[in-house]
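Asker: missing the sequence, but the structure's below:
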Ligand SMILES: [Fe+2]
């Protein structure tokens, strides 16, 4: 049984502070099916009340959804703040053990959350059909010895050291590892060698053999492979959709396109030659791919999209403000996105990997409607670049049928003192429940730990959109 985070002391708080105070949440997972739980739930509530020392009438079920039973507890103030203590009470241990055995309790975890009422969430067990991925981004691996590499080695080394425990705490066994760009610092061959060494150690820290998939970021561009004069012409010839489509599709432009993609030749070489990238989908002319992975009988579609094929060398800037060279000038191109999507037509779940956030100021204005129309067809959009973890798009008010989930990973490593973060996602393919986890590096303590964020739990839980549940034929009883 895992126990974390000390309970806050409410006695010294003012009324307004108390309103914002941390409250306890307990999450319990039972190794039983939902229909079985339904048959015994009243008995379960009575026994749980007895174990934690409150009156049976003080617990009731407010809702049952998505295979989860959510219980809200009404407790006296004194009982409220000793929930965990009572559960852990040594004198009650036989009772707790009996309860755990009787109700097949797999684990119990306690958290502090900024809530006004205490909740206990009871999950029925995993269906056994799950897909788990680890999402890394923006590592910026350097090869040159020095202070920055020293700091990078420290943070990434601590990550590898902590990973088995971070994953183990949630019983996560990644099937896939996604790396959404900026693997290297400046696209040098030696830097990709460092990336390869890191991935090898990463695989050794994972509980099972995972499949690795990546896309390039702007730091994976090899500046020396860009001819300044040709680059001026290229940038001047991407002014509208027709020009972009012509460059990407016309046979007469093949030579120019090939020259343009030389900037990613070290990245491309790494993907072709690194042992852990063996089995990586073939990278086409645009360095993008679509892959449908057969996973436990489910088809998981992954599109690796290239947002940096015209990302340019910063030393071409005529001012100090180098960021402006890419800002508002990037292009993915409709042929790339549409083709990638078409090839995922049969997939149950469609995942896009892309370095830059789509529908953002990084892209030329004429790309935005293309992004708006296309990216909503993916179910998950995993990206990086901005070094901020977030799970935007998880708004429950989004259209249930068509909603999609943009999930941003933080930077695995950027530079000393900069925030670092990593995500993981577990999808239950039979119930449609998705759990997204995030971890951060705490510079002050030199440790990786759960990202407590606004929800204070290190994870969020939500349901797949209706369109995916229909594709997966998830039974109606699991639907809210
Ligand atoms: Fe980036």
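Answerer: Looks like it came in fine. What you see is a predicted model; the values in this text were computed from it and never measured. Numbers count the residues shown, from 1 in each chain.
Asker: For the helix or strand harbouring residue 369, buried residues please.
Answerer: Take DSSP states H and E as the rule and residue 369 turns out to sit in helix 368-375. Within helix 368-375, the residues that count as buried by 16 or more other CB atoms under 10 Å are 370-371, 374-375. Every residue, glycine included, has its C-beta placed from N, CA and C.
Asker: just stretch 241-251 next, same as before
Answerer: The neighbour-count criterion (16+ other CB under 10 Å) identifies 241, 244, 247-248 as the buried residues of stretch 241-251.
Asker: One more: stretch 165-184?
Answerer: For stretch 165-184, using 16+ other CB under 10 Å, the buried residues are 166-167, 169-170, 172, 174-184.
Asker: and what of stretch 409-429?
Answerer: Going by neighbour count (16+ other CB under 10 Å), the buried part of stretch 409-429 is 409-414, 418, 420-429.
Asker: model confidence over that stretch, on average?
Answerer: Confidence over stretch 409-429 (mean pLDDT, whole number) is 89.
Asker: ok, it near the ion or not?
Answerer: No: Stretch 409-429 stays clear of the ion (CB under 5 Å from the ion), getting no nearer than 8.6 Å.
Asker: Over to that stretch now: how far is its first residue from its last?
Answerer: Between the opening and closing residues of stretch 409-429 we find a distance of 22 Å, counting by CA to CA, to the nearest Å.
Asker: which regions of this structure lie under the pLDDT threshold?
Answerer: 1-27, 57-84, 88-90, 92, 109-127, 315-324, 391-402, 453-457, 475-480 (pLDDT under 70).
Asker: Quick check: closest non-adjacent residue to the residue in the stretch 1-150 of the chain that the ion sits nearest to.
Answerer: Taking CB to the ion, the ion has its nearest neighbour within the stretch 1-150 of the chain at residue 138, 5.9 Å off. Distance criterion CB to CB, 6 or more residues apart in numbering; nearest residue to residue 138, sequence neighbours excluded, is residue 411 at 3.8 Å.
Asker: Isn't the one you found up against residue 140?
Answerer: Yes: judged on CB atoms under 8 Å, residue 411 makes contact with residue 140 at a distance of 7.2 Å.
Asker: Quick check: buried residues in stretch 95-102?
Answerer: By 16+ other CB under 10 Å, the buried positions in stretch 95-102 come out as 96, 99-100.
Asker: quick one: contacts for the nearest residue to residue 159 once chain neighbours are set aside?
Answerer: Closest residue in space to residue 159, ignoring its immediate chain neighbours: residue 448 at 5.5 Å, by CB to CB, 6+ apart. Residues touching residue 448, when contacts are defined by CB atoms under 8 Å, 6 or more residues apart in numbering, comprise 158-159, 162-163, 166, 422, 439-442.
Asker: Which two of the residues you listed have the greatest separation?
Answerer: Distance extremes for the contacts of residue 448: the farthest pair is 163 and 442 at 15.4 Å, using CB to CB.
Asker: Neighbour count for the two, which is higher?
Answerer: Taking other CB atoms under 10 Å, residue 163 and residue 442 do not tie; residue 163 has more neighbours (22 against 14).
Asker: Now do the same for that one: helix, strand or coil?
Answerer: Going by DSSP: H, G, I helix; E, B strand; the rest coil, the secondary structure assigned to residue 163 is helix.
Asker: Just the buried residues of stretch 95-102: which are in helices?
Answerer: 96, 99-100 (DSSP state H).
Asker: what about the nearest residue to residue 347 once chain neighbours are set aside, which SS state?
Answerer: In this structure, residue 347 finds its nearest non-sequential neighbour in residue 301, 2.7 Å apart by CB to CB, 6+ apart. Counting by three-state DSSP, the backbone at residue 301 sits in strand.
Asker: For residue 301, list each beta-bridge partner.
Answerer: Here residue 301 shows beta-bridge partners residue 292, residue 350, assigned using DSSP bridges.
Asker: isn't it right next to residue 342, touching?
Answerer: No: the pair residue 301 and residue 342 fails to qualify as a contact (CB under 8 Å) at a distance of 10.8 Å.
Asker: Between these two, which has more neighbouring residues?
Answerer: In this comparison of residue 301 against residue 342, neighbours counted by other CB under 10 Å, the higher total goes to residue 301 at 22 against 10.
Asker: now that one: how far from residue 360?
Answerer: When CB to CB, to the nearest Å is applied, the distance between residue 301 and residue 360 equals 23 Å.
Asker: ok so, going back, what sits in contact with each of residue 411 and residue 140?
Answerer: Both residue 411 and residue 140 are in contact with residue 182, where contact means CB under 8 Å, 6+ apart.
Asker: care to break this structure down by domain?
Answerer: If you go by automatic domain parsing, the domain ranges for the chain are 17-124, 130-478.
Asker: Having no further points to raise, I will conclude here.
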